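Asks: Structure for the following, please:
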Amino acid sequence: MNIVCPHCDAINRVELKESAKDVVCGKCKKSLKETHPVELNARNFKTHIEKNDIPVVVDFWAPWCGPCIMMAPQFEEAAKHFALKVRFAKLNSDNYPEIAGMYGIMGIPTMIVFKKGMEVGRISGAMSASQIINWINSLI
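Replies: Here you go, the predicted model:
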């Protein structure tokens, strides 16, 4: 399966085994099990969305958005439950309005779950970690 490195954006072909303690990137040698959300930008957005064989949940947010700031720690907490099962990522919609516009983002925070580049779920509004976990589990 292909896993995009959350550190250097390299595409890694890996065989996931339950017994594996860690899986590292062939390029940068850092862990592919990283659960801290990846910061997406115009350069790496398509790679993470289209080249990952695991689903990617993107939080579209902005630094001036109160609910976005309140949800950020909840999003990070939820990510800890999905190491190598779902990649969590964030896109600052102020910095990349063209990407937010492509996906019709009208309000933030909005989360979209992608599987192999295709949108499979979308929800808007701040959520708790448990709500995020339950929502993602209902989609994957």
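
Asks: burial count for Ile99?
Replies: 20 (other CB atoms under 10 Å). In short, each C-beta sits where N, CA and C put it, glycine included.

Asks: Which phi and psi values does the residue lying closest to it once chain neighbours are set aside adopt?
Replies: Of all residues beyond its chain neighbours, the one nearest Ile99 is Phe45 (5.7 Å), with distances taken as CB to CB, 6 or more residues apart in numbering. Here is the backbone geometry of Phe45 (degrees, to the nearest 10): phi -60, psi -60.

Asks: quick one: contacts for Phe45?
Replies: Phe45 sits next to Leu91, Tyr96, Ile99 when contact means CB atoms under 8 Å, 6 or more residues apart in numbering.

Asks: so the first one, which of the three states?
Replies: What it means is Leu91. strand (DSSP: H, G, I helix; E, B strand; the rest coil).

Asks: Now render the contacts of Phe45 as CSV, adding pLDDT and distance to Lys115.
Replies: Listed next are the contacts of Phe45 as CSV, based on pLDDT from 0 to 100; distance: CB to CB, whole Å:
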residue, pLDDT, distance to Lys115
Leu91, 98, 17
Tyr96, 98, 21
Ile99, 98, 18
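
Asks: Which of the residues you listed sits closest to Val4?
Replies: Proximity of the contacts of Phe45 to Val4 (CB to CB) peaks at Leu91, which lies at 14.8 Å.

Asks: Let's see the single longest helix found in the chain as CSV, backbone CA atoms only.
Replies: Using DSSP state H, we find that the single longest helix of the chain is helix 66-79. Provided in CSV are the C-alpha atoms of helix 66-79 (Å, rounded to 0.1, in the frame of the first residue of the first chain):
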residue,chain,number,x,y,z
GLY,A,66,-12.7,30.9,17.0
PRO,A,67,-14.4,27.5,16.5
CYS,A,68,-11.4,26.4,14.4
ILE,A,69,-9.0,27.2,17.2
MET,A,70,-11.3,25.5,19.8
MET,A,71,-11.4,22.4,17.6
ALA,A,72,-7.7,22.1,16.9
PRO,A,73,-6.8,20.2,20.0
GLN,A,74,-9.8,17.9,19.5
PHE,A,75,-8.7,17.2,15.9
GLU,A,76,-5.2,16.3,17.2
GLU,A,77,-6.6,14.1,19.9
ALA,A,78,-8.8,12.2,17.4
ALA,A,79,-5.8,11.7,15.1
